[in-house]
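Undergrad: Quick one, fold the following:
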Amino acid sequence: MIKRMAKVIGFAGGVAAVVWAMRDRFVSVATSREPEPPAFRSGSSEESASVDAVDGIGPVFAQRLTSAGLGDVASLAKASPDAVAEAASVSAARARSWIEQAQQQA
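TA: Below you'll find the predicted structure:
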């Protein structure tokens, strides 16, 4: 009885090992493992980059700034530090830093 159970467990373990080793064969060929090529910015684009391109602005701050009408780098570069600080609920020093970065990018 124990020998039979050991054989069954060994067989199941062997099947699991083969499936694990062959797992790449079972993954759909449609999903590419290669990374996406980088998107290059062109100077001829009329659209300004989103504010989350500025270092220190994540999705939450970007949402706050977009709601206040400062959703792109060009509008952030022209804004006053007090307006940015109030819109994003951050300090004026942090807002000035964002504005300086936006001015360099614009």
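Undergrad: pull the CA atoms of the helix ranked longest in the chain into CSV?
TA: If you go by DSSP state H, the chain has its longest helix at helix 2-21. Extracted in CSV, the C-alpha atoms of helix 2-21 (Å, rounded to 0.1, in the frame of the first residue of the first chain):
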residue,chain,number,x,y,z
ILE,A,2,2.7,2.5,0.9
LYS,A,3,4.8,1.5,-2.2
ARG,A,4,1.7,2.2,-4.4
MET,A,5,1.1,5.6,-2.8
ALA,A,6,4.8,6.5,-3.2
LYS,A,7,4.6,5.6,-6.9
VAL,A,8,1.5,7.7,-7.4
ILE,A,9,3.1,10.7,-5.5
GLY,A,10,6.3,10.2,-7.5
PHE,A,11,4.4,10.1,-10.8
ALA,A,12,2.4,13.2,-9.9
GLY,A,13,5.6,15.0,-8.9
GLY,A,14,7.2,14.0,-12.2
VAL,A,15,4.2,15.3,-14.2
ALA,A,16,4.4,18.6,-12.2
ALA,A,17,8.1,18.8,-12.9
VAL,A,18,7.6,18.3,-16.7
VAL,A,19,4.8,20.8,-16.8
TRP,A,20,6.9,23.3,-14.9
ALA,A,21,9.8,22.8,-17.3
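Undergrad: Just checking the distance from that helix to the centre of its chain.
TA: Relative to the centre of its chain, helix 2-21 is centred 42 Å away, using C-alpha atoms, centre = their mean, to the nearest Å.
Undergrad: which residues are in contact with stretch 49-63?
TA: Residues outside stretch 49-63 that contact it (C-beta atoms under 8 Å, 6 or more residues apart in numbering) are 41, 65-66, 70-73, 76, 88, 90, 94, 97-98, 101-102, 105. Heads up, the C-betas are built off the backbone N, CA and C, glycines and all.
Undergrad: List the residues that contact K3.
TA: With C-beta under 8 Å, 6+ apart as the criterion, no residue contacts K3.
Undergrad: Please shift the residue numbers so they start at 46 in all later answers.
TA: All right, first residue 46 from here; so that's K48.
Undergrad: Tell me how far it lies from G59.
TA: Distance of K48 to G59, given as C-beta to C-beta, to the nearest Å: 16 Å.
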